[in-house]
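**Q** compute the structure for the input listed below.
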Amino acid sequence: MPAIRADLRNVAIVAHVDHGKTTLVDAMLRQSGVFRANQEVVDRVLDSMDLEREKGITILAKQTAVEFRGVRINVVDTPGHADFGGEVERTLRMVDAVLLLVDASEGPLPQTRYVLGKALARRLPVIVCVNKVDRADARPAEVVHEVEELFLDLDADEDQIGFPILYANARTGQAGHRPDELAGDLAPLLETIVATTPPPAYEPGHPLQFLVTNLDADPYVGRLAVGRLWQGEVRLGDRVGVARRDGSLALAKVTKIAGAIGLSRSELDYAGPGEIVAIAGLGDVTVGETVTDPDDPRPLPVVSIDEPSISMRFGVNTSPFAGNDGTYLTSRHLKERLDREVLGNVAIRVLPTESPDTFEVQGRGELQLAVLIEQARREGYELEVSRPEVITRTVDGRVQEPYEAVTLDVPEEFVGVVTQGLALRRGRMTDMVNHGTGWVRLEFRVPARGLIGFRTVLLTATRGTAILHHLFDGYDGWAGPINERGNGALVADRVGVTTGYALWQLQERGELFVGPGTQVYEGMVIGENARPEDMDVNPTREKQKTNIRTHAADEAIRLVPPTVLSLEQAIERIGPDELVEVTPAQLRLRKRVLDAPARGRAAKRARQQR
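**A** Here you go, the predicted structure:
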């Protein structure tokens, strides 16, 4: 007969990007008395990585716990971006219910559909919370109707459709059952979580089953396996077995057990069924493996993750300036870093290539791979990365490629230019809604190839006003050729330091990426040509000094400020024959072949093969 833990609830907060998950967790922690009265607390306290705070998004799923009327609620904050869907899938394996947060103005967006579909597939009860009801453009009644339609679209059964609905203002820490009648705190929301979330059930006397869904590190005890105890119990010093993915069983000894209370982990001597804890002493355990009783091993099913759809090539930095900034420069260092990433991130794969210095890295999307590159450069690595490519597959002799479901919010006057831009990239419009506020929501189905480099074009065409979200939408037939970048590159033809005089004469040729006083080398891309072909230029030329003074010779040099590219923009802007050189201090665009004559011969051969 199964028993239950009435004092425990496990719930995950899921939502689209920027709908307020982490802010809501902040309010829960404040109201549960986690912080001291005089303690300084930053906003979005669970976004502990520097990259998360800079980008304003959650990248890694994180777990905390709050006490409410004698019940401990384990809350897992999940990423809202589709590229980090692997984190969401793992998180849903730890919890018994889902709190779905939806913006009161924007309504359900692609990632909302994605995470809700995963939750319904696992038959988890869902609590819907409409957040940001204080917005001037809030439309809570319409948003609730859209959520109900979404449940029907995802084939939710009768039990799942009868979900409780709450309204909240996460920034002020208020919630209620009506949008115009919020309580002074989050008590209505927490009451609903306790009432709706099933308490963990277990079988007394069942052997240990602990599913590893995340990894962490401790400077004293090494690797920590984070997960949920589904059955049995574990004590400090216990001998356990780790059921590997290949079917083998490795013996280990538990050296530390830690549970989350607020923002810190407290050491425990014992953990029981239903608890989410971190365990040390399990050796090189990885995500998806089961910690079990060595005398009666009963491994749980391995966590299944959606396939990657984008690949990039990571290689050792081969530019003339290699080694100037970084600490880790060799292929051995790069491989160790990528292998370390694969251990904790099941959504990323690393494959060897024909070159021992280059590795193919596959992931969910450009942002996920860009975050990996940014983390590596901050750790002191130098590397060069290629343009993203889609991963195709062949089914019944036909080539298939990944497609994305794209949702765009744009002002009415830009609908035409956006529709034309996506049509050129083989996109097909599936829906268009005008809310009557001057903004239009457009939905497209676009080959993933067509979105590479599209964000920059979109922001230029809409003067920075468009909001784009996309989500993997399965594989379909090859869409045909898509026009590559229409502009060529301005390529430096020698090593040196750029001068204002040279750049002044080059700026009318196109858009520059460097300013005066920048070190350049032969084959480095310093700008984008206004014409389709590449142009070799000399950005280091100095003004000739003569005795003759004329008005024209003394003309003032006025330089247009150069375009400073972020890592994501640099990855989007490069062509098939270009690379991004990434070091801790610099981002440079370069040609794959640096020598100009060799590059010309390679281009000629490519034209002949067509």
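
**Q** what pairs with the helix or strand hosting Leu251, and is each one parallel or antiparallel?
**A** Leu251 belongs to strand 249-253 when assigned by DSSP states H and E. Partner strands for strand 249-253, per DSSP bridges, with pairing direction: strand 239-243 (antiparallel).

**Q** distance from the partner strand to the middle of the chain?
**A** On the basis of Cα atoms, centre = their mean, to the nearest Å, the separation between the geometric centre of strand 239-243 and that of its chain is 32 Å.

**Q** sort out which residues of it are buried, please.
**A** Burial within strand 239-243, assessed by neighbour count using 16 or more other Cβ atoms under 10 Å, is assigned to 240-243. For every residue, glycine as well, the C-beta is placed using N, CA and C.

**Q** stretch 313-324 now?
**A** Within stretch 313-324, the residues that count as buried by 16+ other Cβ under 10 Å are 313-317, 319, 321-322.

**Q** need the max-distance pair from those.
**A** Distance extremes for these: the farthest pair is Arg313 and Phe321 at 20.0 Å, using Cβ to Cβ.

**Q** tell me the contacts of Arg93?
**A** Under the criterion of Cβ atoms under 8 Å, 6 or more residues apart in numbering, the neighbours of Arg93 are 122, 211, 213, 228, 303.

**Q** do Val95 as well
**A** If you count contacts by Cβ under 8 Å, 6+ apart, Val95 has them with 10-12, 74, 76, 124.

**Q** which pair in these spans the largest distance?
**A** So, these by Cβ to Cβ: farthest apart are Asn74 and Leu124, at 14.2 Å.

**Q** quick one: which of those two has more around it?
**A** When Asn74 and Leu124 are compared for neighbours, Asn74 comes out ahead with 25 against 19, by other Cβ atoms under 10 Å.

**Q** other SSEs contacting the strand or helix carrying that one?
**A** Counting by DSSP H and E, the secondary-structure element that holds Asn74 is strand 71-77. Counting by 3 or more Cβ pairs under 8 Å, 6 or more residues apart in numbering; DSSP states H and E, the packing neighbours recorded for strand 71-77 are strand 8-15, helix 21-31, strand 62-68, helix 187-196.

**Q** if we go to 10 Å?
**A** When contacts are defined as 3 or more Cβ pairs under 10 Å, 6 or more residues apart in numbering; DSSP states H and E, strand 71-77 sits against strand 8-15, helix 21-31, strand 62-68, helix 85-92, strand 97-103, helix 187-196, strand 256-261, strand 276-280.

**Q** can I get those in CSV including mean neighbour count, distance to Glu533 and mean pLDDT?
**A** Rendered in CSV, the data for the helices and strands packed on strand 71-77 read as follows (neighbours: other Cβ atoms under 10 Å; distance: least, Cβ to Cβ, whole Å; pLDDT from 0 to 100):
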stretch, mean neighbour count, distance to Glu533, mean pLDDT
strand 8-15, 25, 46, 85
helix 21-31, 22, 47, 80
strand 62-68, 22, 49, 77
helix 85-92, 23, 40, 65
strand 97-103, 24, 46, 88
helix 187-196, 19, 60, 89
strand 256-261, 20, 58, 79
strand 276-280, 24, 57, 86
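
**Q** adding distance to Glu578, write those out as TSV.
**A** Rendered in TSV, the data for these read as follows (distance: least, Cβ to Cβ, whole Å):
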stretch	distance to Glu578
strand 8-15	37
helix 21-31	36
strand 62-68	37
helix 85-92	29
strand 97-103	38
helix 187-196	50
strand 256-261	45
strand 276-280	43
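
**Q** ok, back up a step: now render the contacts of Arg93 as TSV, adding secondary structure.
**A** Conversion of the contacts of Arg93 to TSV gives the following (DSSP: H, G, I helix; E, B strand; the rest coil):
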residue	secondary structure
Arg122	coil
Leu211	strand
Thr213	strand
Arg228	strand
Val303	coil
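
**Q** among these, which one lies nearest to Asp269?
**A** Nearest to Asp269, judged by Cβ to Cβ, of the contacts of Arg93 is Arg228 at 18.6 Å.

**Q** distance of the closest one from Asn10?
**A** 7 Å (Cβ to Cβ, to the nearest Å).

**Q** likewise for Lys545?
**A** The gap separating Lys545 from Asn10 is 75 Å, by Cβ to Cβ.

**Q** ok so, going back, quick one: the contacts of Val95 as a markdown table, columns for distance to Pro561 too.
**A** As requested, those are exported to a markdown table (distance: Cβ to Cβ, whole Å):
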| residue | distance to Pro561 |
| --- | --- |
| Asn10 | 51 |
| Val11 | 49 |
| Ala12 | 45 |
| Asn74 | 50 |
| Val76 | 44 |
| Leu124 | 51 |
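
**Q** of those, closest to Thr196?
**A** Minimum distance to Thr196 across those is 8.7 Å, recorded for Val11 (Cβ to Cβ).

**Q** give me the beta-bridge partners of the closest one?
**A** The partner list for Val11 in beta bridges (DSSP bridges) reads Val75, Ala97.

**Q** what residues are up against it?
**A** For Val11, the contacting residues are 73-76, 94-99, 124-125, 127, 193-194, 196-197, by Cβ atoms under 10 Å, 6 or more residues apart in numbering.

**Q** and the contacts of the strand holding Leu251?
**A** For strand 249-253, the surrounding residues in contact (Cβ under 10 Å, 6+ apart) are 225, 236-244, 279-285, 289-292, 294, 297, 299.

**Q** and with 8 Å instead?
**A** Contacts to strand 249-253, defined as Cβ under 8 Å, 6+ apart, come from residues 237-244, 281-283, 285, 291, 294, 297.

**Q** would you mark the buried spots in it?
**A** For strand 249-253, burial by neighbour count (16+ other Cβ under 10 Å) applies to Ala252.

**Q** and that strand with strand 276-280, angle?
**A** 90 degrees (axes from the mean of the first three to the mean of the last three Cα atoms, to 10 degrees).

**Q** give me the contact list for stretch 451-467.
**A** By Cβ under 8 Å, 6+ apart, the list of residues contacting stretch 451-467 reads 366, 387-388, 404, 406, 408-411, 414, 417-418, 421-422, 425, 468, 470, 485, 568-569, 572-573.

**Q** now a PyMOL select for only the buried ones of these.
**A** If you want just the buried ones from these in PyMOL, going by 16+ other Cβ under 10 Å, the selection is:
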select buried, resi 366+387+388+404+406+408+409+410+414+417+418+421+422+425+468+470+485+568+569+572+573
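
**Q** now, the contacts of stretch 451-467 that are in helices?
**A** Secondary-structure check on these using DSSP state H: residues within helices are 366, 417-418, 421-422, 568-569, 572-573.

**Q** tell me which of those residues has the lowest pLDDT.
**A** Within the set of these, pLDDT is lowest for Glu366 (79).

**Q** what's the distance between it and Val350?
**A** As judged by Cβ to Cβ, Glu366 and Val350 stand 17 Å apart.

**Q** before we move on, what about Ala141?
**A** Taken as Cβ to Cβ, the spacing of Ala141 relative to Val350 amounts to 48 Å.

**Q** SS state for Ala141?
**A** Three states are possible here, and by three-state DSSP the one that applies to Ala141 is helix.

**Q** returning to what we had before: including distance to Asp185, could the contacts of Arg93 go into TSV?
**A** TSV is the format used below for those (distance: Cβ to Cβ, whole Å):
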residue	distance to Asp185
Arg122	30
Leu211	34
Thr213	31
Arg228	28
Val303	36
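
**Q** with that, I have no additional questions.
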